[in-house]
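S.K.: Sequence plus the predicted model coming up.
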Amino acid sequence: MVKSMIITVVTLLAAWPAIAQQERKFIREGNELFEKQDFEKAEVEYRKAADKKANSFEAAFNMADALYKQKKYDEALEQFSALAKQETDKERLGEIYHNIGNTLLAMEKTDESIEAYKNSLRNRPASEQTKYNLEFARHKQQQDQQNQDQNKDQNKDQNKDNQDQNKDQNQDQQDQNKDQQDQNKDHQDQNKDQQDQNKDRQDQNKDQQNKDQQDQNKDQQNKDRQDQNKDQQNKNDQNKDQQQQPQQQQGKISKEDAERLLEALQNDEKNVQEKVQKQKAQEQKAKKMKIEKDW
């Protein structure tokens, strides 16, 4: 445990001036409160003493010590440092640097506290309290260094583990991303195939529709043409009937003329049959002569 010290005042002399008596009174009251560990009220009494005597070493030193006890380390260090700049007495300088060392050690400034204890021993080499605190600070410095090294190694190992873990996680993520990309590509290919199939089906349907439309148009054209031809034929038949009616009226013959015409036709037919018979006889004769010649 770090040891600190507080300056106590000597018994007052009756012959001192009234201001000095008031300063000592406040310091004494502050010391009593300090002993009771009522450091906040003790600080107030020391400040009153300092107001009565601005250059009072005891008031300033004890007020800084009361600030230290309240863990107001920045204020205490400022007060002790101001005293160190003004003081020339080695004994008092030893006490000031001793408490500066304590304050710096409480602020976890171990290296600076060691230098403060060394300065204290330069001015007050026989102080056992300062020697003890110096060794304590050095031991703490070693522990801090070991802890730092250990933490450094742990952090290094932890960082390496984290890096390895991050690397594995990144690799896993990359693999997952690649798998996802492959799946997406497969889906895209499937979609493309489906689109191609749909397009082929659409093209087929379109071709079939076009063919059906063409066939329908062709059938319609044929039907129209047939209807036109039929209409034309009907017109032609009508025209023919109209033409034949006057001709029939004009070409009507008598009974005698009809009989003569029939007789002429019969004679013509008889002549034709005779010619045919004659021709067949000649062909039979020629054929017979050809057979005999071959034998």
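M.R.: Sure, I can see it.

S.K.: if I read this right, Ala42 contacts Phe34, doesn't it?
M.R.: Yes: taking contacts as C-beta atoms under 8 Å, Ala42 lies within contact range of Phe34: 4.2 Å. All C-beta atoms are positioned from the backbone trio N, CA, C, and that covers glycine.

S.K.: So between these two, which is more surrounded?
M.R.: Neighbours per residue (other C-beta atoms under 10 Å) separate Ala42 from Phe34, with Ala42 holding more: 27 against 21.

S.K.: Helices of this structure, start to end?
M.R.: Remark: helices assigned in the chain by DSSP state H are 18-35, 39-52, 57-69, 73-86, 90-106, 110-123, 128-250, 255-294.

S.K.: related to what we said a few turns ago, show me whatever sits in contact with both of Ala42 and Phe34.
M.R.: 62, 66 (C-beta atoms under 8 Å, 6 or more residues apart in numbering).

S.K.: So for the spatially most distant residue from the centre of the chain, what's the pLDDT?
M.R.: Here the chain reaches farthest from its C-alpha mean at Glu256, the gap being 120.7 Å by C-alpha atoms, centre = their mean. If you check Glu256, the pLDDT there is 83.

S.K.: And for Asp227?
M.R.: 73.

S.K.: Tell me how many other residues surround it.
M.R.: By other C-beta under 10 Å, neighbour count at Asp227 equals 10.

S.K.: Tell me the spacing between it and Ala66.
M.R.: 129 Å (C-beta to C-beta, to the nearest Å).

S.K.: looking at it, Met107 is touching Lys71, isn't it?
M.R.: No: contact criterion C-beta under 8 Å: Met107 and Lys71 do not qualify, at 9.9 Å.

S.K.: Which one of those two is surrounded by more residues?
M.R.: More crowded of Met107 and Lys71, by other C-beta under 10 Å: Met107, with 15 against 10.

S.K.: Now the more buried one, what are its backbone angles?
M.R.: For Met107, the backbone dihedrals (degrees, to the nearest 10) come out as phi -90, psi 10.

S.K.: quick one, what contacts it?
M.R.: Met107 is in contact with 73, 77, counting by C-beta under 8 Å, 6+ apart.

S.K.: count of neighbours near Leu121?
M.R.: 18.

S.K.: Which residue is the nearest non-sequential neighbour of it?
M.R.: In space, and not counting its chain neighbours, Leu121 is closest to Thr130: 5.4 Å by C-beta to C-beta, 6 or more residues apart in numbering.

S.K.: what number of residues lie near the one you found?
M.R.: Using other C-beta under 10 Å, Thr130 has 26 neighbouring residues.

S.K.: likewise Gln233?
M.R.: Using other C-beta under 10 Å, Gln233 is surrounded by 11 other residues.

S.K.: pLDDT wise, what is it at?
M.R.: For Gln233, the predicted pLDDT is 75.
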